[in-house]
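[1] just need the structure, nothing else, for what follows:
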Amino acid sequence: VMVPVHCTLVSVSKISSALGTKNSYTFLILIYTAFNLSQAIFLFTGYIRGLDRGLDEAAKIDGCGDLKLLTMIITPICKPIIATEAILVFIYGYSELSLILITDSNKYTISRAMLNFTANFTTDYGPQFAFVIMSMIPMLIIYLFLHEKVEAGMLAGAVKG
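    Residues are numbered from 1 along each chain as shown. Presented below is the predicted three-dimensional model:
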């Protein structure tokens with residue numbers, strides 16, 4: 001979490017070249033997972049530590065097993081943090097990390113494809129702005145579906161009683 005992504009670009013590119021995984025979505029997904037996992041662990045740990053332990057104990061007294069406790073009790077309570085992390089990961093997926101790992105024009109991600117509208121001396125602003133608007137639509141849809149959960153999570157500890 002403390003190391004910025006930009007500090008690792010050269011080493012990630014060298015590893016990708018050494019393994020022969022340039023233009024590989026699998027390697028890109030693994031890199032995104034590695035960079036997002038630490039943040040997710042911190043967020044989930046902090047959120048779960050803030051939960052009341054009485055819920056776990058009451059469920060165990062009622063005969064709830066570990067798997068059922070996780071799926072039926074903990075997971076529904078964690079919907080706000082799951083939604084928050086989903087938004088953060090989705091936005092991170094639009095980042096510039098793919099600029100160095102994907103060089104095949106048929107496999108460009110959205111952030112890499114936006115560079116196609118700029119030439120040495122000209123920029124085609126009409127299609128570029130249309131592409132920017134079109135690329136924002138998935139982010140807006142994800143946010144519209146998940147924002148209520150995020151807001152509920154933020155407000156959960158703000159009201160007493």
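[2] ok now the lowest-mean-pLDDT helix or strand in the chain, how far from the chain's centre?
    Within the chain, no helix or strand scores below helix 110-113, which has a mean of 76 by mean pLDDT, DSSP states H and E. Distance of helix 110-113 from the chain centroid (CA atoms, centre = their mean, to the nearest Å) equals 17 Å.
[3] how far away is residue 24 from residue 10?
    Distance, residue 24 to residue 10, by CB to CB, to the nearest Å: 18 Å. C-beta here means a position set from N, CA and C on the backbone, and glycine is covered the same way.
[4] tell me which of the two has more neighbours.
    residue 24 (16 against 10; other CB atoms under 10 Å).
[5] any idea how far that one is from residue 102?
    8 Å.
[6] go on, residue 150?
    In this view, residue 150 and residue 102 are 30 Å apart by CB to CB.
[7] residue contacts, residue 138?
    residue 90 (CB atoms under 8 Å, 6 or more residues apart in numbering).
[8] what about it, which SS state?
    Taking DSSP: H, G, I helix; E, B strand; the rest coil as the rule, one finds residue 138 in the helix state.
[9] in stretch 131-141, which residues are buried?
    For stretch 131-141, the neighbour count (16 or more other CB atoms under 10 Å) marks residue 131 as buried.
[10] equivalent analysis for stretch 59-66, please.
    By 16+ other CB under 10 Å, the buried positions in stretch 59-66 come out as residue 59.
[11] need the residues that contact it.
    Contacts of stretch 59-66 with the rest of the structure, by CB under 8 Å, 6+ apart, involve 68-69, 72-73.
[12] what residues are up against residue 124?
    So residue 124 contacts 117-118 (CB under 8 Å, 6+ apart).
[13] pop out the phi and psi values for it.
    Residue 124 adopts backbone torsions of phi -90, psi 90, taken as degrees, to the nearest 10.
[14] sweet, I'm off.
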